[in-house]
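K.L.:
turn this into a structure:
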Amino acid sequence: MFSLLKKYNFFLILFILFLFSTFFWWYFFGGFNLGNDGDQYNELALSMLNDGSFSINGEISMMREPGYPFFIYLIYQLFGVSIFIVCVFQAFIHFAIVLLTYYLTDKIFNKKIARISSILVILFPNLYILSSTLLSEVFACFLVMMFFLFYYLAQRKNANIFFALASLFLGGLVLVKSMFALFVIFVVIIIFLNEKSVVKKFGYKKPLLMFLFFALVVFPWIARSYTHFNEVSIASRGGNMIYTRALKNLYSFDESLKYTISVLSGEYIVRRYIDNNYIFEESWADSSGLNAFTDNINNSEDKNNYDKLDILMRQESKRLILEHPFKYLYYGIVEISNLNSPMIYQEKHFSIFHDNIYSNTFVKVLCILIMRLIWLIFLSMAIYGIINIVVKRKKNAYIFVLMIFYVNGILFFLQGNPRFLIPIFPIYLILASFGFCKIINKCHIKLLKKIC
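P.N.:
A predicted model of the protein is given here:
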């Protein structure tokens, strides 16, 4: 018994730390409520439970991806309708993410980096806070890590079963977060790039196998969307996302300046020195612009139908983008900065020091600068980790790098909400840990070398 505890003492420490952190963050920040979008996830799960349909407001819908509502439905079906039970399951999923982080980092890098990465994941508060709401990020993060697990095993063992399982989990991920839909194409490309002899070794069998099993998961739902809505789509969310981005093309210079400064520093700086009434989360593009669009629709039936509204938003987005293409590209850079911003209590980092803006100005500005500096150092570590992966040709880690660039590339054209990074944030932590250890070893810092 003692030898067993000694062998697995690190995992025991992780689990104790996990339990303590869960109780702490749930007690102070856990609402066990629906969250920002949870009301629709809950309504869809209840519609599946009550009448077997995927409906919002009594109408068949494709407003949301089906994966997360189905996950909630299964829990409701087995344990009764309870948000708290869903949150408990999400807590266990969170710990599974920690273990998957450790395993993958240990196999791809080494045990010390695995320990650093898993500790960082278990200390990251956003996963605890999100697990206490009906939001899909924690579940999506689990599917991302499961995809990485089986992709790693597939590359390591060259076994068809692991390629198939990786594809199944990637398909499941797409049904939870449709922004990952194109990632399968890049996975197939990286299979060919990983080894020069890959075509001779595998032929086209492995890529075709990945597409086949991916299609088995995703295509039935796309067929359902086409049958009911004449749309080849997973969910009618793209129109809203791209329209909110395209609306920024209509910003005046003054609005653009305030938005950009808020992204790069924080809302407080703008409120303190430029416009004391400015509220980042209620900026014109996010509230007034969307309301104005809805008000201008002549057909009242379209106003109340999410799916029809999404189609109209996509059409209007094309017009706005073509009118100001360079503005659209500029805001893409701003949105990437927005996306890769400090995460404090989900995405609320912009609103720190929102009240009493004229008190303790020096302290508040200093706090913002320190927070941003720490975050910049963290991102620099991750970038340095990516550079070393490419330079050292760590082929098993290429998939991590690809995922980072893919998500940032997709969100360049959409909204840069930092919460959208949560599904891949363990990868940021892994890369930052790798970069940190590389710097420590290169600089010959004896005190820290024992850690790395």
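
K.L.:
for the rest of this, base every contact and every neighbour count on C-alpha atoms.
P.N.:
OK.

K.L.:
so where's the stretch 351-452 of the chain uncertain?
P.N.:
Within the stretch 351-452 of the chain, the ranges that satisfy pLDDT under 70 run 351, 444-452.

K.L.:
tell me where it has strands.
P.N.:
For the stretch 351-452 of the chain, applying DSSP state E, counting those that start in this stretch gives no strands.

K.L.:
okay, stretch 358-375 in CSV with CA atoms only?
P.N.:
C-alpha atoms of stretch 358-375 as CSV (Å, rounded to 0.1, in the frame of the first residue of the first chain):
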residue,chain,number,x,y,z
TYR,A,358,-11.6,58.2,-10.4
SER,A,359,-10.3,56.5,-7.2
ASN,A,360,-6.8,55.0,-6.8
THR,A,361,-5.9,55.6,-10.5
PHE,A,362,-2.2,54.8,-10.0
VAL,A,363,-2.9,51.5,-8.3
LYS,A,364,-5.5,50.4,-10.9
VAL,A,365,-3.3,51.3,-13.9
LEU,A,366,-0.4,49.5,-12.2
CYS,A,367,-2.5,46.4,-11.7
ILE,A,368,-3.6,46.4,-15.3
LEU,A,369,0.0,46.8,-16.5
ILE,A,370,1.3,44.0,-14.3
MET,A,371,-1.5,41.7,-15.3
ARG,A,372,-0.8,42.4,-19.0
LEU,A,373,2.9,42.0,-18.5
ILE,A,374,2.5,38.6,-16.8
TRP,A,375,0.1,37.5,-19.6
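
K.L.:
begin at 58 from here
P.N.:
From this message on, residue numbering opens at 58, which makes the last subject stretch 415-432.

K.L.:
where in the protein is pLDDT low?
P.N.:
Checking the chain against pLDDT under 70 turns up 58-64, 87-93, 249-261, 339-349, 351-362, 402-408, 501-509.

K.L.:
try it again with 50
P.N.:
Along the chain, segments meeting pLDDT under 50 span 254-256, 259, 404.

K.L.:
pull out the buried positions in the longest helix along it.
P.N.:
Determined from DSSP state H, the single longest helix within the chain is helix 418-448. Using 16 or more other C-alpha atoms under 10 Å as the test for burial, helix 418-448 gives 421-422, 425, 429, 432, 435-443, 445-446.

K.L.:
relative to Ile247, which of those residues is nearest.
P.N.:
Taking C-alpha to C-alpha as the measure, Ile247 lies nearest Ile446 of the buried residues of helix 418-448, at 14.3 Å.

K.L.:
could you find the closest non-adjacent residue to that closest one?
P.N.:
Leaving aside its sequence neighbours, Ile446 sits nearest to Ala454 (C-alpha to C-alpha, 6 or more residues apart in numbering; 6.8 Å).

K.L.:
correct me, but Lys305 touches Tyr388?
P.N.:
Yes. Between Lys305 and Tyr388 there is a contact at 7.4 Å, judged by C-alpha atoms under 8 Å.

K.L.:
now find how far off-centre the host helix or strand of His285 is within its chain.
P.N.:
Using DSSP states H and E, His285 sits within helix 262-286. Here the centre of helix 262-286 is set off from its chain's centre by 22 Å, with C-alpha atoms, centre = their mean, to the nearest Å.

K.L.:
report all helices and strands that that helix contacts.
P.N.:
Counting contacts by 3 or more C-alpha pairs under 8 Å, 6 or more residues apart in numbering; DSSP states H and E, helix 262-286 is packed against helix 217-231, helix 240-251.

K.L.:
for the shortest one, packing partners?
P.N.:
It refers to helix 240-251. helix 255-259, helix 262-286, helix 455-469.

K.L.:
neighbours of the closest residue to Asn397 other than its chain neighbours, just the number please.
P.N.:
In space, not counting the residues next to it along the chain, Asn397 is nearest to Pro475; the distance is 6.2 Å by C-alpha to C-alpha, 6+ apart. By other C-alpha atoms under 10 Å, the residues close to Pro475 number 21.

K.L.:
next one: Ile186
P.N.:
Neighbour count for Ile186, taken as other C-alpha under 10 Å: 23.

K.L.:
that one reaches Phe86, doesn't it?
P.N.:
Yes. With contact defined as C-alpha under 8 Å, Ile186 reaches Phe86; the gap is 6.2 Å.

K.L.:
where's Ile179, which helix or strand?
P.N.:
According to DSSP H and E, Ile179 maps onto helix 168-180.

K.L.:
now do that helix: distance to the chain's middle.
P.N.:
Counting by C-alpha atoms, centre = their mean, helix 168-180 is centred 19 Å from the centre of its parent chain.

K.L.:
just stretch 186-204 next, same as before
P.N.:
9 Å.

K.L.:
tell me the buried residues in it?
P.N.:
Across stretch 186-204, burial judged by 16+ other C-alpha under 10 Å covers 186-204.

K.L.:
please apply the same query to stretch 133-148.
P.N.:
Neighbour counts over stretch 133-148 (16+ other C-alpha under 10 Å) mark Tyr133, Val138, Ile140, Phe141, Ile142, Val143, Cys144, Gln147, Ala148 as buried.

K.L.:
what does stretch 265-273 give?
P.N.:
So for stretch 265-273, counting by 16+ other C-alpha under 10 Å, buried means Leu266, Met267, Phe268, Phe270, Phe271, Ala272.

K.L.:
now the fourth one: how far from Arg213?
P.N.:
Using C-alpha to C-alpha, to the nearest Å, one obtains 20 Å as the distance from Phe270 to Arg213.

K.L.:
in the stretch 258-407 of the chain, which spans are helices?
P.N.:
Along the stretch 258-407 of the chain, the segments classed as helices by DSSP state H, counting those that start in this stretch run 262-286, 295-304, 310-321, 324-330, 345-352, 357-360, 363-380, 382-396.

K.L.:
kindly reformat the ones you listed as CSV containing distance to Pro483.
P.N.:
Shown next, in CSV, are the helices of the stretch 258-407 of the chain (distance: least, C-alpha to C-alpha, whole Å):
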stretch, distance to Pro483
helix 262-286, 23
helix 295-304, 24
helix 310-321, 23
helix 324-330, 27
helix 345-352, 33
helix 357-360, 39
helix 363-380, 32
helix 382-396, 15
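
K.L.:
ok, which of those comes nearest Ser118?
P.N.:
The minimum distance between Ser118 and the helices of the stretch 258-407 of the chain falls on helix 363-380, with 6.9 Å, by C-alpha to C-alpha.

K.L.:
how far off centre is that closest one?
P.N.:
Relative to the chain's own centre, helix 363-380 is displaced by 24 Å; criterion: C-alpha atoms, centre = their mean.
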